[in-house]
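> Okay, sequence plus prediction incoming.
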Amino acid sequence: MAYVRVMIHAVWGTKNHVPYLTPDTKKIVIDHIKENARLKQIFIDTVNGHLDHLHCLIGLNADMSIAKTINLLKGESAHWINKNGIVKKRFEWADEYFAVSVSESIVPRVRRYILNQEQHHRKVSFSQEYNEFFTRYRFRIHD
């Protein structure tokens, strides 16, 4: 048996930044994502977000890639949201996402950051946060 502890901070948004995740809708979606993850043996430490995106602190499994983990969470949740009419229009997540490894020493800080998304986005837009992530983690857009 493999014993792995790799923590990933992932962020993904709604397609075209549509603000589908109102407080009530966000709770329903997050509760479903948590349950779906549990059934798929994906460990979600913390998840929260704002109107048009989610942040998720994930414990990566030894046998699953970051891409597969996030695609399972995004794909299944979008399908479930549409099947159950959680929002009035067709729901889609954007194709792109961020994912960075998190050192064990800063896990508590990342948890607080994720849990405080509502307060954070009173001061900072998702667009500003997106640009900050690109800069901080030195992401490059490939042509």
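Arrived safely, thanks for sending.

> gap between the two ends of stretch 87-96?
Terminal residues of stretch 87-96 lie 21 Å apart, using Cα to Cα, to the nearest Å.

> ugh, wrong one, stretch 81-101
Using Cα to Cα, first and last residues of stretch 81-101 are 28 Å apart.

> Please compute how far that stretch lies from its chain's middle.
Taking Cα atoms, centre = their mean, to the nearest Å, the mean C-alpha location of stretch 81-101 is offset from the chain mean by 10 Å.

> okay, now residue 140: neighbour count?
A count of nearby residues for residue 140, using other Cβ atoms under 10 Å, gives 6. Where C-beta positions appear, they are placed from N, C-alpha and C, glycine not excepted.

> does it sit in a helix, a strand or a coil?
coil (DSSP: H, G, I helix; E, B strand; the rest coil).

> what about residue 110, distance to residue 89?
To residue 89, residue 110 is 32 Å away according to Cβ to Cβ, to the nearest Å.

> okay, these two: which has more neighbours?
Taking neighbours as other Cβ under 10 Å, residue 110 and residue 89 compare with residue 110 leading, 19 against 8.

> Summarise which helices and strands the helix or strand harbouring that one is packed against.
Using DSSP states H and E, residue 110 sits in helix 107-115. Secondary-structure packing of helix 107-115 (3 or more Cβ pairs under 8 Å, 6 or more residues apart in numbering; DSSP states H and E): strand 6-14, strand 43-50, strand 53-60.

> Which of the ones you listed has the highest mean neighbour count?
Of all the helices and strands packed on helix 107-115, strand 53-60 carries the top mean neighbour count, a mean of 22, counting by mean count of other Cβ atoms under 10 Å.

> and after it, which helix or strand comes next?
Next along from strand 53-60, by DSSP H and E: helix 66-83.

> what's in contact with the one helix or strand in the chain whose mean pLDDT sits lowest?
In the chain, no helix or strand scores lower on mean pLDDT, DSSP states H and E than helix 126-136, which sits at a mean of 76. For helix 126-136, contacts defined as Cβ atoms under 8 Å, 6 or more residues apart in numbering pick out 11, 13, 17, 50-53, 98, 100, 120-121, 124, 139.
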